[in-house]
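Asker: kindly return the folded structure for what I paste below:
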Amino acid sequence: MSDLFWLADAQMACFEPFFPKSHGKPRADGGRVLSGIIFINRNDLRWRDAPNAYGTYMTLYNRWKRWSDKGIFAQRMVGLAAEHVETKTVMINATYHKAHRTASSLAVKNGGRGRLIGRTKGGINTKLHAICDSECRPLNLFVTAGQVSNYIGARALLSSLPDLDWLLGDRGYDIDWFREVLKDKGIRPCIPGRKQRKTSVRYGKRRYKRRNRIEIMFGRLKDWRRVATRYDRCPKVFLSAIALAATVIY
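Answerer: Down below sits the predicted model:
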């Protein structure tokens, strides 16, 4: 990986099918454009501040918007997760992403679904629900408004769980229906009980320490400044930024 190109040749080859084809008129080099998109997302720059080595900023922006609308970055992350199947242990958790004032409009326009931004004690933010493997690699991501509970995120992620032995989660996932669903899937939960539980639940404290893998994953994602703080109004574009960071992590 050079100072200009952020992806290795093998990683770049995964995106080549999505590069636009040349029909007479020469097109901008796909690898260079993709590296420019990564550079902007990693450092959270304005598109017009992109180095000239990556090409014109309008080319970078248009390609980013077009690929985000098609969900290409999310598809690529899902494909990588399918190639690295986890069979033993996964971790589940959620984290908040502060919404910048440029993205913090809560209004729903033209019958849309809103911006998936909510108000909590910490302010205006978005919540990212995620499952990761033992190598700190994301397996699935789900974005909601900040005030949405962990249970809703867990319900959305359940269908993507692979066949495995253990799921590690914190007390925020201690609810009977969630434990029952995991049991039906043949997955053993390692989740401590809430303090208000009338009957205590047993869990392996030594195994539970491995839950820090998902905290490490969140830290790596938030090293990307456009992920740590949400600047994009469109939730699909914000999810694309997260998926792009996850793809580079792989």
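Asker: run through the bridge partners of residue 123.
Answerer: residue 120 (DSSP bridges).
Asker: wait, it sits on residue 98?
Answerer: Yes. Using Cβ atoms under 8 Å, residue 123 is in contact with residue 98, at 6.6 Å. Heads up, the C-betas are built off the backbone N, CA and C, glycines and all.
Asker: ok, residue 37 touching residue 63?
Answerer: Yes. Between residue 37 and residue 63 there is a contact under Cβ under 8 Å: 6.8 Å.
Asker: who's more crowded, residue 123 and residue 98?
Answerer: Counted by other Cβ atoms under 10 Å, residue 123 and residue 98 do not tie: residue 98 has more neighbours, with 15 against 12.
Asker: list phi and psi for the more buried one.
Answerer: Phi and psi for residue 98, reported as degrees, to the nearest 10, are phi -60, psi 130.
Asker: OK, contacts around it?
Answerer: Residues in contact with residue 98 (Cβ atoms under 8 Å, 6 or more residues apart in numbering) are 122, 123, 124, 125, 228, 229, 230.
Asker: next: residue 142.
Answerer: Contacts for residue 142 (Cβ under 8 Å, 6+ apart) come out as 128, 129, 130, 153, 156, 157.
Asker: where along the protein do the strands fall?
Answerer: Here the chain has its strands, by DSSP state E, at 89-99, 118-120, 123-133, 138-145, 166-168, 188-190, 229-230.
Asker: of all those, which one comes closest to residue 239?
Answerer: Counting by Cβ to Cβ, residue 239 lies closest to strand 138-145 out of the strands of the chain; the figure is 5.3 Å.
Asker: tell me the buried residues within the contacts of residue 142.
Answerer: The neighbour-count criterion (16 or more other Cβ atoms under 10 Å) marks 128, 129, 130, 153, 157 among the contacts of residue 142 as buried.
Asker: burial count for residue 239?
Answerer: Each residue near residue 239 was counted by other Cβ under 10 Å, and the total is 22.
Asker: surely it touches residue 143?
Answerer: Yes. Applying Cβ under 8 Å, one finds residue 239 in contact with residue 143, separated by 5.3 Å.
Asker: distance of residue 242 relative to residue 249?
Answerer: The gap separating residue 242 from residue 249 is 10 Å, by Cβ to Cβ, to the nearest Å.
Asker: mutual contacts of those two, please.
Answerer: Contacts common to residue 242 and residue 249, judged by Cβ under 8 Å, 6+ apart, are residue 221.
Asker: of the two, which one has the most company?
Answerer: Remark: of residue 242 and residue 249, residue 242 carries more neighbours, 26 against 18, as counted by other Cβ under 10 Å.
Asker: so for that one, what's the pLDDT?
Answerer: For residue 242, the model assigns a pLDDT of 93.
Asker: now the closest residue to it other than its chain neighbours: how far from residue 12?
Answerer: Excluding its sequence neighbours, the residue lying closest to residue 242 (Cβ to Cβ, 6 or more residues apart in numbering) is residue 227, at 5.4 Å. Residue 227 sits 21 Å away from residue 12, going by Cβ to Cβ.
Asker: who's more crowded, the two?
Answerer: Ranked by neighbour count (other Cβ under 10 Å), residue 227 and residue 12 place residue 227 first, with 24 against 16.
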